[in-house]
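[1] Sequence plus predicted model, see below.
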Amino acid sequence: MLMTGEQYIESLRKLKTRVYMFGEKIDNWVDHPIIRPSINCVAMTYELAQDPQYADLMTAKSNLTGETVNRFAHLHQSTDDLRKKVKMQRLLGQKTASCFQRCVGMDAFNAVFSTTYETDKKYGTHYHENFKKFLEMVQREDLVVDGAMTDPKGDRGLPPHKQKDKDLFLHIVERREDGIVVSGAKCHQTGSINSHWHIFMPTQAMREEDKDFAVSFACPTDAEGMYMIYGRQSCDTRKMEKDNQIDVGNPKFGGQEALVVLDNVFIPNEYIFQAGEYDFAGMMVERFAGYHRQSYGGCKVGVGDVLIGAAALAAEYNGAQKASHIKDKLIEMTHLNETLYCCGIACSAEGWKTEAGNYQIDLLLANVCKQNITRFPYEIVRLAEDIAGGLMVTMPSETDFKSDLKVGRNGETIGEICNKFFAASPACTTEERQKLMRLIENMCLGAAAVGYRTESMHGAGSPQAQRIMISRQGNIEGKKQLAKDIAGIK
Ligand SMILES: Cc1cc2nc3c(=O)[nH]c(=O)nc-3n(C[C@H](O)[C@H](O)[C@H](O)COP(=O)(O)OP(=O)(O)OC[C@H]3O[C@@H](n4cnc5c(N)ncnc54)[C@H](O)[C@@H]3O)c2cc1C
């Protein structure tokens, strides 16, 4: 059954998730002002699924149960499903201007589904059945699942088994009749605290010596031995300032990352999807990363739409909207943003059916998509900052705009002085200008820049990871032959 946004939020209260922030355990993390905006973002994935005008994008018919499920819990059955995924993500980016977090789980579902099928075929294991049962539960209960891949990795020059501290890569510490015991951690986990369950996957291709690190499984977020340390974001404590909510920029929505620690967590057999089949670690990583590189061709584009709109409004508020260079900069921002969208749609349209039956994106095009994502949002931000002017980083606080403290020679208050000097065109009030400048600040270098900028750089793998894939998939030998054929070279 599809949950409403409110039901999702209430369902989180039933979990015993252990959350730490600023050196303290946070018991009521659902209502914590720093965490709540990220919960509101995920709630939006539920709310839009309830809205008939978005049903085609936000929901799908499950191939496992035949029921209507949230698309975030769906296994892609066609290239049309892959395209709809990108469109759904653009829509959510537009509605939240933040990272809405639920895509990592969807990308994990699709990668684990096909990888377990091929693993079972080779080894006679039962991982695919385990996974299908798990996903049926997720679909039935409309749950959020975190896709946890990135290990802390310690010394990047060493493989997992050579690390001084083995916990720097998540690994199996004990194999038992009824399951495995795992220890380690995952870094930068998007939406970890807001999720009901986690799917853990290996972080890189593994060799035989590293077989204990080739491990994938599902685990409830409040499992015994598991806890999270909340990640700081730029300007995060502004959310704690009740009198300065305008200064937050985006008071309702935000993203979330955490360090997830697993300290001797027991995983029953039925939730295991890989446990030592090191030759399938690379496949799982490549497929997850492929889907996730496609994802950014949707979500970042939706956030880009909001930033372009904000820049256009800033020009209007300044009375500069008719200037030809402003118009040209908005055209450039749109061109860059739509190029990213083209990449997301293209790698979806060129998708292919896996042996397990779900659809995988075109890997080369998805890597080109993500490589562009590591650059274009930065240029879009540069142009937004150009159009916005310096006020986005120098404006006094909301408290100052409201202050009654008399400071002027004629008894003017701080609030009156701020309102006098920060008035611009008649198209806006000073409060509207404040709100807009803070929103641009939020996306360009505040809390949402975590998702729009640095996640664009490193999320789903740093730029070099895509270049390696592009070099593998680029078929340079085939292209050399084309040149030889045309030139008449044998
Ligand atoms: C906002 C955000 C959200 C994220 N969300 C998730 C999530 O939900 N789930 C998840 O699993 N992961 C998530 N990630 C993690 C993301 O996949 C990693 O950041 C990415 O894989 C890079 O790893 P790293 O951050 O450890 O970078 P590092 O490994 O520290 O890399 C830094 C630089 O060193 C280079 N480098 C690293 N190792 C080597 C090497 N051996 N040889 C040569 N060069 C090297 C890299 O190319 C890069 O240029 C998220 C990241 C961010 C920033």
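    In hand now; what should we look at? Residues are numbered from 1 along each chain as shown.

[2] How about the contacts made by the residue in the stretch 301-450 of the chain that the ligand sits nearest to?
    Using Cβ to the nearest ligand atom, the closest approach of the stretch 301-450 of the chain to the ligand is made by residue 450 at 5.1 Å. No exception for glycine: its C-beta is placed from N, CA and C like everyone else's. For residue 450, the contacting residues are 99, 233, 234, 255, 257, by Cβ atoms under 8 Å, 6 or more residues apart in numbering.

[3] out of these, who has the most neighbours?
    The most neighbours of any of these, using other Cβ atoms under 10 Å, belong to residue 99, which has 29 neighbours.

[4] Dihedrals phi and psi, that residue?
    phi -80, psi 120 (degrees, to the nearest 10).

[5] just to revisit the earlier point, and the residue of the stretch 301-450 of the chain closest to the ligand, how far is that from residue 424?
    Distance of residue 450 to residue 424, given as Cβ to Cβ, to the nearest Å: 29 Å.

[6] What of residue 403?
    Taking Cβ to Cβ as the measure, residue 403 falls 20 Å from residue 424.

[7] out of the contacts of residue 450, who's nearest the ligand?
    The ligand has its nearest neighbour among the contacts of residue 450 in residue 257, at 5.1 Å by Cβ to the nearest ligand atom.

[8] Look up the residues forming beta bridges with the closest one.
    residue 190 (DSSP bridges).

[9] Up against the ligand, what does the stretch 351-490 of the chain have?
    Contact residues, the stretch 351-490 of the chain versus the ligand (Cβ under 6 Å from any ligand atom): 450, 454, 455, 458, 459, 460, 461, 462, 464.

[10] Make JSON lines from the residues you listed and add secondary structure to it.
    Supplementary listing: these in JSON lines, determined by DSSP: H, G, I helix; E, B strand; the rest coil:
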{"residue": "450", "secondary structure": "helix"}
{"residue": "454", "secondary structure": "helix"}
{"residue": "455", "secondary structure": "helix"}
{"residue": "458", "secondary structure": "helix"}
{"residue": "459", "secondary structure": "coil"}
{"residue": "460", "secondary structure": "coil"}
{"residue": "461", "secondary structure": "coil"}
{"residue": "462", "secondary structure": "coil"}
{"residue": "464", "secondary structure": "helix"}
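
[11] got a markdown table for those, with pLDDT too?
    Output for these, formatted as a markdown table (pLDDT from 0 to 100):
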| residue | pLDDT |
| --- | --- |
| 450 | 97 |
| 454 | 98 |
| 455 | 98 |
| 458 | 98 |
| 459 | 97 |
| 460 | 97 |
| 461 | 97 |
| 462 | 97 |
| 464 | 98 |
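
[12] near the ligand, which residues of the protein show up?
    When proximity is defined as Cβ under 6 Å from any ligand atom, the chain approaches the ligand at 104, 147-150, 153, 156, 186, 188-190, 257, 450, 454-455, 458-462, 464.

[13] mind redoing it with 8 Å?
    Neighbours of the ligand within the chain, by Cβ under 8 Å from any ligand atom: 99, 101, 104, 146-150, 152-153, 156-157, 186-192, 201, 203, 255, 257, 292, 450-451, 454-455, 457-465.

[14] Any of those buried? List them.
    For the residues of the chain next to the ligand, a burial check counting by 16 or more other Cβ atoms under 10 Å picks out 99, 101, 104, 146-150, 152, 186-192, 201, 203, 255, 257, 292, 450-451, 455, 459-461, 465.

[15] Now do the helices in the stretch 251-400 of the chain.
    Counting by DSSP state H, counting those that start in this stretch, the stretch 251-400 of the chain has helices at residues 281-318, 324-349, 363-373, 376-388, 391-394, 398-402.

[16] Ok, the stretch 51-200 of the chain next?
    Taking DSSP H, counting those that start in this stretch, the helices of the stretch 51-200 of the chain run over residues 55-58, 79-96, 103-123, 127-141.

[17] Pipe those helices into JSON lines and attach mean pLDDT and distance to residue 471 per row.
    Converted to JSON lines, these look like this (pLDDT from 0 to 100; distance: least, Cβ to Cβ, whole Å):
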{"stretch": "helix 55-58", "mean pLDDT": "98", "distance to residue 471": "35"}
{"stretch": "helix 79-96", "mean pLDDT": "98", "distance to residue 471": "24"}
{"stretch": "helix 103-123", "mean pLDDT": "98", "distance to residue 471": "22"}
{"stretch": "helix 127-141", "mean pLDDT": "98", "distance to residue 471": "31"}
